[in-house]
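Chemist: Sequence and predicted structure are below.
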Amino acid sequence: MKISHEFIHYEQALELKELGFDEDVIAYWEKNSLLKPIPMSDFINSFPVNDYPKADWIAAPLYQQAFRWFREKYSINSWIINAEDNNNAFKPFFRGNNIDEHLVDFYNTYEEAELARLKKLIEIAKNK
């Protein structure tokens, strides 16, 4: 598995920035969708990447960091379950802040369900 799969995709990172994501991260996306580690000198200064003066830096949070941010900022819990009749099918669920829903679709891999989960959280937050 590539380490880059642990980080949310560029498109969702940009949407999180627009929603106000301002957590410290260990990597960032450049506008050309190139994932890079935070330089150690900047990491030690410990400031959120999305507040960095370089406009082309977009914070690249890990998936679990993004999910925690949605829990804390929007009070939305989310998780993924296996389909009852198929251990290779995954389905995201959401609860909190007057939300109790699941995505209708099942996904063939956990990673596909995780991305769908993140996209749905972004959609919910944008509609608040």
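Modeler: Okay, I see it.
Chemist: now Val25, nearest residue through space, not along the chain?
Modeler: Ala59 (4.6 Å; CB to CB, 6 or more residues apart in numbering). Placement of C-beta: from N, CA and C, glycine included.
Chemist: Any idea what the one you found is bridged to?
Modeler: Beta-bridge pairing of Ala59 under DSSP bridges involves Tyr28.
Chemist: wait, it sits on Phe21?
Modeler: Yes - counting by CB atoms under 8 Å, Ala59 touches Phe21, with 6.1 Å between them.
Chemist: Neighbour count for those two, which is higher?
Modeler: Using other CB atoms under 10 Å, the more surrounded residue of Ala59 and Phe21 is Ala59, with 27 against 24.
Chemist: What is the neighbour count of the nearest residue in space to Thr109 that is not next to it in sequence?
Modeler: The spatial neighbour of Thr109 that comes closest, neighbours along the chain excluded (CB to CB, 6+ apart), is Phe90 at 7.0 Å. As a burial measure, Phe90 scores 23 neighbours (other CB under 10 Å).
Chemist: got the contact list for the helix or strand where Phe90 lies?
Modeler: Element membership for Phe90, per DSSP states H and E: strand 86-96. Outside strand 86-96, the residues within contact range by CB atoms under 8 Å, 6 or more residues apart in numbering are 71, 74-83, 100-103, 105-110, 112-114, 116-117, 120-121, 124.
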